[in-house]
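Asker: My questions are about this predicted structure, shown below with the sequence.
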Amino acid sequence: MKKQNIIIIVFIPFLIAMLTNYCFAFNGYNKTRVSEKEIEMSLFTNLNSKIDWEIQNTDVEIERKFIGFGVTNPLSKTIDVYCTLNYIYEGEIKYEDFNKLNYDTGFFTNIGIKMNSYNEDKVSVFVYGQFNFIFSDDWSYSNEIADYTFENSGIELSFGANAKYSINDSFSIYGGIELVPFSDIEGELIEKVKNGASFSDSDDYERESFFSLKIGAEYSFKKFEKEYNVASEITFGNEQSFALCVSIPM
């Protein structure tokens, strides 16, 4: 088989992997509250992110899981800045007539600002904007001809808004939207043929869909004169996921 044909056959699945993997909005961190006056620490996990994709007549399903740690610093009673560090510990891509890609490792961080823009009676609205920095997101595949790795990194910009309704002092529900108007991801395919030769190819990618809907619930409680918060969230559309987040005052 010619080298060019090998690259084409393998690069298409990796291209699919790349596009589907970044159809996720990296949700997990709670953006429906502000800390007001205390620095907060957050622990969160995205338990099951997945999406169906079709590219070049190929049906794709991806599953992806990550855990994260975040710190929130209040600028005022209504505005917070935050930063998170996230580790992707599991990923799996399935598509027709091709073996599964193996997920190796991945890290990304979010840096953003959120604001309580409206607060009246039991209804409040929160808006946010954030940058997603993808440091690494690596996949691999091997066959009798060669070993392949796909390494990608990049930056994204997202905006969102959530409307929250407080049922009582402890329990709230919310719904919102998220948009990703800018996405610049670079992927590099590296092929190492069994006889020792090595080839590589790279390209830039952007999301083809930018819109997600989300619903969630929060529970707050006080302990040791501090308020703790537990939230769960389901996302539809561009991202399909289920996330949990615990916020702890420092």
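Answerer: Happy to help now that I have it.
Asker: pLDDT below threshold where in the chain?
Answerer: 1-37, 50-62, 93-101, 203-208 (pLDDT under 70).
Asker: can you give me the strands for it?
Answerer: Under the criterion DSSP state E, strands of the chain are mapped to 40-55, 58-74, 79-95, 101-120, 123-142, 146-166, 171-193, 198-205, 211-223, 226-237, 241-249.
Asker: right, and Lys194 touches Asn143 too?
Answerer: No - counting by C-beta atoms under 8 Å, Lys194 sits too far from Asn143 to count as a contact (9.4 Å). To be clear about C-beta, it is placed using only N, CA and C from the backbone, and glycine gets the same treatment.
Asker: Would you convert the strands of the chain into a markdown table that also reports mean neighbour count?
Answerer: Putting the strands of the chain into a markdown table (neighbours: other C-beta atoms under 10 Å) gives the following:
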| stretch | mean neighbour count |
| --- | --- |
| strand 40-55 | 18 |
| strand 58-74 | 18 |
| strand 79-95 | 18 |
| strand 101-120 | 17 |
| strand 123-142 | 18 |
| strand 146-166 | 19 |
| strand 171-193 | 18 |
| strand 198-205 | 13 |
| strand 211-223 | 16 |
| strand 226-237 | 17 |
| strand 241-249 | 19 |
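Asker: who's the closest residue to Ser200 other than its chain neighbours bridged to?
Answerer: Once flanking residues are discounted, Ser200 sits nearest to Ile190: 4.7 Å by C-beta to C-beta, 6 or more residues apart in numbering. The partner list for Ile190 in beta bridges (DSSP bridges) reads Thr149, Ser200.
Asker: correct me, but Ile190 touches Glu151?
Answerer: Yes - counting by C-beta under 8 Å, Ile190 touches Glu151, with 7.0 Å between them.
Asker: that older thread, let me see the contact set for the residue nearest to Ser200.
Answerer: Tyr148, Thr149, Phe150, Glu151, Ser198, Phe199, Ser200 (C-beta atoms under 8 Å, 6 or more residues apart in numbering).
Asker: between those, which is nearest Glu40?
Answerer: Glu151 (33.7 Å; C-beta to C-beta).
Asker: where's the residue lying closest to Phe182 once chain neighbours are set aside relative to Lys214, distance?
Answerer: Computed as C-beta to C-beta, 6+ apart, the closest residue to Phe182 that is not its neighbour in sequence is Leu157, at 4.1 Å. Relative to Lys214, Leu157 is positioned 18 Å away (C-beta to C-beta, to the nearest Å).
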